[in-house]
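Asks: Quick one, structure for this:
(chains A and B, ligands or ions: 2)
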Amino acid sequence: MGGALVRMVGIGKRYGGVQACRAIDFTLGAGEVHALLGENGAGKSTLMRILSGDVTDYDGQIEIDGTPVGFSGPPDAQAAGIAMIHQELDLVPGLSVADNIFLGRELRTPLRTVDRRRMEGSARALLARSGVRLDPRRPVGELRVGEQQLVTIAKAISLDARVLIMDEPTSALTTAEVERLFDVIRELRRAGVGIVYISHRMEEIAQIADRATVLRNGEVVTSFDPRALSTAEVVEAMVGRPVQTMFTTAETDTGAEVLRVESLKLTARRPRPGRRDPDGISLTVRAGEIVGLAGLLGAGRTELLETLYGVAPRGAVEGRIFLQGKEIRPRSPRQALAHGIGLVPEDRRTSGLVLFHSILANTVVSSLPAYGRLGVIARRQERAASVGMAERMRLKFGRLQDEVGTLSGGNQQKVVFGRMLLTEPRLLLLDEPTRGVDVGAKAEIYRLLGELAGQGLGVLLASSELPELVGVCDRVVVLRDGRDVASFSTANSGEGELLAAAMGELQ
Amino acid sequence: MTKNSVVATLFRFQSVFGLLAVVVAAIIFSPRKNGAILFVSADNLANVVRAVSEIGIIAVGMTFVILIGGIDLSVGAMLGLAAVGSAVLMVESDWGFLPSVLLVLVIGLVFGALQGAATAMIGIQSFIVTLAGLQIARGLARIWSDGQGVAIAYGDGPNEAPASFALLGERTFGGLVPIPVLIFAVVAVAAIVFLRVSAFSRHLYAVGGNEKAARLSGVPVVRVKVAVFAICGLLAALAGIVHAVQLNQGSPNDGIGYELDAIAAVVIGGTSLAGGRGSVAGTVAGALLLGVLNNILALNNIDSNIQLLIKGLVIVAAAALQRLRPAS
Ligand SMILES: Nc1ncnc2c1ncn2[C@@H]1O[C@H](COP(=O)(O)OP(=O)(O)OP(=O)(O)O)[C@@H](O)[C@H]1O
Ligand SMILES: [Mg+2]
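Replies: Ligands and ions are numbered 1, 2, ... in the order given. Next up is the predicted model:
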C-alpha cells in the first residue's frame, strides 16, 4: 500500500523489566478497519498510546501521510487528526455528558461564555448518531460503564479524526449497542477514516475488520484477512498454542437451592435517573449452577446484583431473599460477604482496585482475617494465598509488590476476580467478569467457574456477551426494565432467542 | 542494584535523607563554644527532641487520618482542651493523677470518635467536621477554665497537683532522656509496628486508596474512619497532658496552630494528602527535621520572621520532591 495513512516502523517501548513493544511495524490505510489482537499484556494499548501521543518516549518512527512525526502529547496528535478511545475510560465524573464531549473545546456564545444550549444540542445529535438515547445534562459519574463507553465513542467521533483508535470500545456493550456502533464504523470507513479496532470479542473481528494484526509479547506474530481464518486459528496465533475456547458446561447435577429471590423490588428513597432498580424479580440459583443475567444496557442487571450484595441505594425493599433457605437482607458488602456472597464489580478501576497499591494488598483485602490471628497478619500465609491465586488465575505479573495499576487491563480484572475467590463464597455474583479479558484467560476463567460450580458454588453471571451467556450458563434469565421477563435453558435455546427477549420482541 | 532502584530507594526514604541533610547543615552552621559544637551537645539534642515531642505525638495521629484521605484540624484545640483539663482537674478539683489523665484521654478519644462518626456516617468532609471540632474544643477549653490559664503547682495541699504528675516532665535514663521524648518514642514505635503487622492497617490504607473499592471488598469503612479519628483525638489529648506538665500550666489558648505544624511534619514525611500512601516513620523524620531546623535557626539568633520563611520553603521543597517521585 503506497498511500498508507499511518506507518509505524520499528516501534519499541520498555517499562522497567517489561518489554511492552518490540520492533513493531504497523500500517493503517485510509478507509481501513484494522483489528489489533493479542493476549492481555501483549502491548496493544501501549502501541496505540504511542500513536496517539500519550506515550512519548519510544524507539522507532511514525509517519502520517508519509511525513515523519513526533508528537509531544495527545493534543498534538489530535491536531494531526488522530483520536483515541481509551480502554480505561477517561471521562470527568463530575461533569455532564455534554461537558465531557466538548471538554477543552467548549462552544462559545458571542460573549465568549460557554454556550450550554448549543453544546447540549450537539451532544444530543452526536449521541443519536450512534443510536444512543441519553440526556446530555446527566453527570457522567452516574452512568453505567457501557453508557460511559458510548459517551467516549461519541466524543471521539465528534473530533472528526482521520485516524480513530478504539481500544476495547465494546467491552461493556450488549449486542444491540454493538450493532449500532458497527453501523457508525462502516459510515466512517466510507468517509475514508482509518480505524484501529482492539477487542477481545472474536466474533466482532470477522464482522467489522478488513485486516487483523496479532501481537504476542510485544511483537507482531502475523497479519491476515480476518474473513479467511477461523476463530480457532486466530486464537491459536494469539496464544501460541491451540486453545479450547468453546466452553460447554458439563451436565452438573444441580443441588440444593443456594439463592432464591422472590418478587424483589426496591423503591429508592431518592430515585436517580437512569438507574433501574429491581421492580419485581424472581429467580433461583442452585448449588453447582451458573445462571446468566441477560438484558440490554439499563435492564437492571447491575442493580440486581448490587441489591443482593447490600450496596443498593437506601430505600424500601419488598420481596424476599433466601440464601440456602435462610432469609437474609444484606445491608452492606461486609454482611453479604459474611453470608458467603461475593461480588466482582463491573468497573475494576473505580470499584475494584486501589491502583497504586500492590498486587498482594489488592488480592487479600477481602479475606484478611483468614491470615493470622488477633488482628496480626501472618505474612507468609498471606503471600502464599496471593501466589496461589495468581497461579490459579494465570496472572501475568512481575512481582507481588508491583502496583496493580501497572498490570494490563485483563490482568487487573483477574486480581479482582481472584480476591473474591479467596473469600470462599457460596454464591458468586459476577458483573461482566471477563470485560477486557483475552480469549485464553476467558477460557481459563470459564474453566475455573465450571470447577467451582462442580464444588457446589452457585454463580449469578451478568454479561453483555451473548456467546458467553449461552456458552457458560446452564440457564439464562432475561431482564427488561427491572423485571425478569424470560428464562431459558441454554441446552435448547440460542443467542437469537435471548436477544429477542431482551429487546422485548418476544413475550 | 539498578539505577532505577537506587532512585526509588532515595525517594522512599526521602524524609530520612532530608533529615540527615538538615542535621549535617546544623552541625556545619552550629555556633561553637571553646571548640565544642553547641548543636551536638547532649543537652541541646535532648532539647530539640523535647521541643518536638508534642507536635510529634500529634503528627503520628495526623498521619493515620491523612492516610485514610482525611484531615484533622481540631488537634491543636484538643491539645489546649486536654492541657486545661489536666490542670483544672488536678489543681482545682483535687483529682488524683491517674483519674485525671484517664478522663482527659477518654475525652480526646470520644471527641475524635464523634468527629469520625460525623464524617463517616453523615458524609461531611473531615475538613469541615474538624474545623467545627476545632471551634468546639476551643470553646469547651475556655468554658472549663473560665477563660484563664490555670497554673500548676505541685504538692499535697489543696489547689496543688500531685507530685507524681510532675514526674512526667522529668528526665530518665541517667537524666539524659526527657520523659516527653520517651512518650513520643513509644507512641511512634507502637504506631509503626501497628501499621506494619495489623490487618487493620491494610483496611486503613485501602480506605485511603480507594474508598469505594474498599467498601465493595468488605472493608468496614465506617469503623475504620471512627477508629482512626479516635486514635488521632486520643494522641492529641496525650500531647495536651505532656504540654501541661512541660509548661506547668493549662491555658485555653495552648496549641493554637499546632495542627498546621503537624500537617507539615506529615507532608515532609512523604505521606500523600490524597490518602493511601505514606508512613509514620516518615512523619517522625519530618517532625525531627522541623525541630532541628527550628533549633539551628534559634541557635544562630535568626530573626523569627525569617525562620517562618525558611520553614515555608522547606515544606514546598518536600512537596515538590514528591512530585518527582517515579511511578513505581
Ligand atoms: N505504565 C506502565 N508501567 C509499567 N508497565 C506497564 C505500563 N503500561 C503497560 N505496562 C506493561 O506493558 C505490557 C503491555 O501492556 P498493554 O496495556 O499494552 O497490554 P494490552 O495488550 O493492551 O493488554 P490488555 O488486553 O489486557 O488491555 C504489560 O506487561 C503491562 O504490564
Ligand atoms: Mg489494553
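Asks: Look up phi and psi at whichever residue of chain A sits closest to ligand 2.
Replies: Nearest residue of chain A to ligand 2: residue A:45, at 3.1 Å (Cβ to the ion). No exception for glycine: its C-beta is placed from N, CA and C like everyone else's. Backbone torsions of residue A:45, given as degrees, to the nearest 10, read phi -60, psi -40.
Asks: Contact partners for the residue in chain A that chain B sits nearest to?
Replies: Nearest to chain B in chain A, going by Cβ to the nearest Cβ, is residue A:354, at a distance of 3.2 Å. By Cβ atoms under 8 Å, 6 or more residues apart in numbering or on different chains, the contact set of residue A:354 is A:361, A:362, A:404, B:205, B:206, B:209, B:210, B:213, B:214, B:276.
Asks: Grab the nearest non-local neighbour of it.
Replies: Leaving aside its sequence neighbours, residue A:354 sits nearest to residue B:209 (Cβ to Cβ, 6 or more residues apart in numbering or on different chains; 3.2 Å).
Asks: quick one on the thing from earlier: how close does the residue of chain A closest to ligand 2 sit to residue B:194?
Replies: 40 Å (Cβ to Cβ, to the nearest Å).
Asks: Make sure the residue of chain A closest to ligand 2 is actually in contact with residue A:167.
Replies: Yes. In this structure, residue A:45 is within contact of residue A:167 by Cβ atoms under 8 Å, at 5.5 Å.
Asks: joint contacts of the two?
Replies: A:86, A:87, A:198.
Asks: Any chance of TSV for these, columns neighbour count?
Replies: Formatted as TSV, the shared contacts of residue A:45 and residue A:167 follow (neighbours: other Cβ atoms under 10 Å in any protein chain shown):
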residue	neighbour count
A:86	20
A:87	20
A:198	25
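Asks: Would you enumerate the residues in contact with residue 68?
Replies: Since no chain was named, I'll use chain A. Residue A:68 makes contacts with A:61, A:62, as judged by Cβ under 8 Å, 6+ apart.
Asks: sorry, should have said chain B
Replies: Applying Cβ under 8 Å, 6+ apart to residue B:68 gives the contacts B:204, B:207, B:208, B:224, B:225, B:228, B:275.
Asks: Okay, and which of those map to helices?
Replies: Within the contacts of residue B:68, residues falling in helices by DSSP state H are B:204, B:207, B:208, B:224, B:225, B:228.
Asks: which of the shared contacts of residue A:45 and residue A:167 are close to ligand 1?
Replies: Contacts with ligand 1 are made by residue A:87 out of the shared contacts of residue A:45 and residue A:167, judged by Cβ under 6 Å from any ligand atom.
Asks: okay, the shared contacts of residue A:45 and residue A:167 in TSV with pLDDT and secondary structure next?
Replies: Converted to TSV, those look like this (pLDDT from 0 to 100; DSSP: H, G, I helix; E, B strand; the rest coil):
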residue	pLDDT	secondary structure
A:86	88	coil
A:87	84	coil
A:198	95	strand
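Asks: Mind listing residues that contact the helix or strand that contains residue B:192?
Replies: For residue B:192, the host element (DSSP states H and E) is helix B:179-197. The contact list for helix B:179-197 (Cβ under 8 Å, 6+ apart) reads A:376-377, B:46, B:49-50, B:52-54, B:56-57, B:60, B:63-64, B:167-172, B:200-201, B:204, B:235, B:238, B:242, B:245-246, B:279-281, B:284.
Asks: Same question for stretch A:74-88.
Replies: For stretch A:74-88, the external contacting residues (Cβ under 8 Å, 6+ apart) are A:6, A:45, A:48-49, A:51-54, A:64, A:69, A:71, A:104, A:152-153, A:156, A:159, A:161-169, A:171, A:198, A:349, A:409, A:436.
Asks: In contact with residue A:409, which residues are there?
Replies: Going by Cβ under 8 Å, 6+ apart, residue A:409 touches A:40, A:45, A:87, A:88, A:168, A:436.
Asks: about what we covered before: buried only: go through the contacts of helix B:179-197 for me.
Replies: By neighbour count, with 16 or more other Cβ atoms under 10 Å in any protein chain shown, those hold A:377, B:46, B:49-50, B:52-54, B:56-57, B:60, B:63-64, B:168-169, B:200-201, B:204, B:235, B:238, B:242, B:245-246, B:279-281, B:284 as buried.
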